[in-house]
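# Here is a sequence with its predicted model. Questions after.
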Amino acid sequence: MFYQVRVYKADGTLKETVSTSELSDNHWKTFEKMESEISLNSTGMKPVPAWVKQKLDLQFPSNLELDYQSSQS
């Protein structure tokens, strides 16, 4: 249930009135948009930013790089 909303200016005069039907329509449009963005196949893991990956790669080189470097010596 939504109630009519009155928006006032700083001086106290009425700026606009938002009706219950406008509020309801806006709510359900937003709700449907958010629901459509939900995926059931989420891995639950967020992607690692590129700068973090680069920093970690410098600190902890992979085994392949170590093997390659040792074979070159």
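Cool, the structure landed. In this text the structure is predicted, and so the values were computed from the model without any measurement. Residues are numbered from 1 along each chain as shown.
# C-alpha from now on. contacts and neighbour counts both.
OK.
# mind listing the helices for the protein?
Residue ranges of the helices in the chain, as given by DSSP state H, are 20-36, 50-59, 63-72.
# any idea which of those helices scores lowest on pLDDT?
Mean pLDDT is lowest for helix 63-72 among the helices of the chain, at a mean of 58.
# Include distance to residue 6 and mean neighbour count when you put the helices of the chain into TSV, please.
Listed next are those as TSV, based on distance: least, Cα to Cα, whole Å; neighbours: other Cα atoms under 10 Å:
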stretch	distance to residue 6	mean neighbour count
helix 20-36	11	11
helix 50-59	47	10
helix 63-72	65	9
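# any chance of the ones you listed in a markdown table, with distance to residue 4 too?
Formatted as a markdown table, the helices of the chain follow (distance: least, Cα to Cα, whole Å):
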| stretch | distance to residue 4 |
| --- | --- |
| helix 20-36 | 5 |
| helix 50-59 | 47 |
| helix 63-72 | 65 |
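# Would you mind saying which of those helices lies nearest residue 9?
Nearest to residue 9, of all these, is helix 20-36, at 19.8 Å by Cα to Cα.
# Run the chain-centre distance for the closest one.
Remark: helix 20-36 is offset 19 Å from the chain centroid, using Cα atoms, centre = their mean, to the nearest Å.
# same question, stretch 31-47
Centre to centre, stretch against its chain (Cα atoms, centre = their mean), the figure for stretch 31-47 is 10 Å.
# Same question for stretch 33-48.
Worked out by Cα atoms, centre = their mean, stretch 33-48 lies 10 Å from the chain centre.
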